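Asks: Below is the sequence, then the predicted model.
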Amino acid sequence: MKDAAAPAIQIERPVIATQDGRSFDGYLARPTNGRGPGLVIFSEMWGVAPSKTEMAEDYAKRGWCAYVPNMFWRSEFTGVVPFEKADQAWQRLNAFDWQRAADDARVAVQWVRTQAFSSGKVAALGFCMGGRTAFLAATRGGVDASISLYALGIAKRLDELRTITTPLQLHYGLNDEHIPKSEVDAVIAAAKGNRNVEVYLYPGAEHGFFTKGRPAFNAEAVAAATARIERLLSTLT
């Protein structure tokens with residue numbers, strides 16, 4: 001039974017740019033009526049998977065205009081990689097062009113910001129490689145706030161982290177097999193002098209702790225992270 005209090009939402013799959021015969025598309029969920037703040041959700045290496053389209057729909061029911069861009073639109077394979085084919089997902093990620101990704105993130109943010117349904121405020125929310133993309137959206141993409149969960153490789157951008165002027169949250173599980181403690185420590189040290197950056201640590205949480213249905217799902221960590229995320233997002237509503 002549908003929640004009678006939830007606003008009607010509209011699902012679209014807009015193409016926001018084209019190049020060399022390729023289309024930069026994604027999954028948009030937004031309230032059918034009125035305007036709302038924008039939220040660009042950057043996915044993990046799997047692509048625009050159900051976990052993120054469902055998340056977009058959940059945010060849309062709360063008044064957000066949530067867009068999940070297909071950041072792999074330039075890749076050889078542009079679709080969703082199943083969880084059981086992790087090798088294929090890693091291969092695609094290893095060939096990923098991060099410089100172009102920063103440009104694409106900016107395009108996605110600006111597209112959402114300038115739509116008639118948008119209030120003009122846009123936040124980024126990213127997971128794993130999408131967490132790194134959300135970070136790039138904060139440093140180069142013009143978002144108003146950014147949230148990054150278990151992002152890979154932010155330690156390679158410490159100069160940008162030290163000087164960032166956009167509110168940024170970084171969330172790390174302390175049992176993350178893909179992000180060494182040395183990287184987390186480097187990020188914490190670089191963030192100390194910047195009041196715009198908040199770093200949150202979750203003891204016992206593994207990589208991917210936010211995704212329901214996955215072995216790493218950690219309800220306690222999700223509850224704590226969600227409260228922090230909502231506090232930041234509430235500044236844009």
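Replies: Received it, and whenever you're ready, just let me know what you need. Because the structure is predicted, anything quoted here is derived from the model rather than measured.
Asks: Please name the nearest non-neighbouring residue to Gly204.
Replies: Excluding its sequence neighbours, the residue lying closest to Gly204 (CB to CB, 6 or more residues apart in numbering) is Asn175, at 5.7 Å. Heads up, the C-betas are built off the backbone N, CA and C, glycines and all.
Asks: Against Leu158, how distant is the one you found?
Replies: 23 Å (CB to CB, to the nearest Å).
Asks: got the contact list for stretch 103-120?
Replies: Residues from elsewhere that reach stretch 103-120 (CB atoms under 8 Å, 6 or more residues apart in numbering): 14, 16-17, 24, 26, 30-31, 34-40, 42, 65, 67, 69, 71, 73-74, 121-122, 124, 133-134, 136-137, 140-143, 236.
Asks: Spit out the contact partners of the closest residue to Leu149 other than its chain neighbours.
Replies: Nearest non-adjacent residue to Leu149, counting by CB to CB, 6+ apart: His171, 4.5 Å away. Neighbour list for His171: 147-150, 200, 202, 225, 228 [criterion: CB under 8 Å, 6+ apart].
Asks: 7 Å instead?
Replies: His171 sits next to 148-150, 200, 202, 225 when contact means CB atoms under 7 Å, 6 or more residues apart in numbering.
Asks: Equivalent analysis for Leu93, please.
Replies: For Leu93, the contact set (CB under 7 Å, 6+ apart) comprises 45, 129.
Asks: With only the CA atoms kept, save the helix or strand where it lies in CSV.
Replies: For Leu93, the host element (DSSP states H and E) is helix 86-94. Output of helix 86-94 as CSV, limited to C-alpha atoms (Å, rounded to 0.1, in the frame of the first residue of the first chain):
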residue,chain,number,x,y,z
ALA,A,86,33.1,-8.2,-9.9
ASP,A,87,36.1,-8.9,-12.1
GLN,A,88,34.3,-7.2,-15.0
ALA,A,89,33.4,-4.2,-12.8
TRP,A,90,37.0,-3.8,-11.6
GLN,A,91,38.3,-4.0,-15.2
ARG,A,92,36.0,-1.2,-16.2
LEU,A,93,37.0,0.9,-13.2
ASN,A,94,40.7,0.4,-13.8
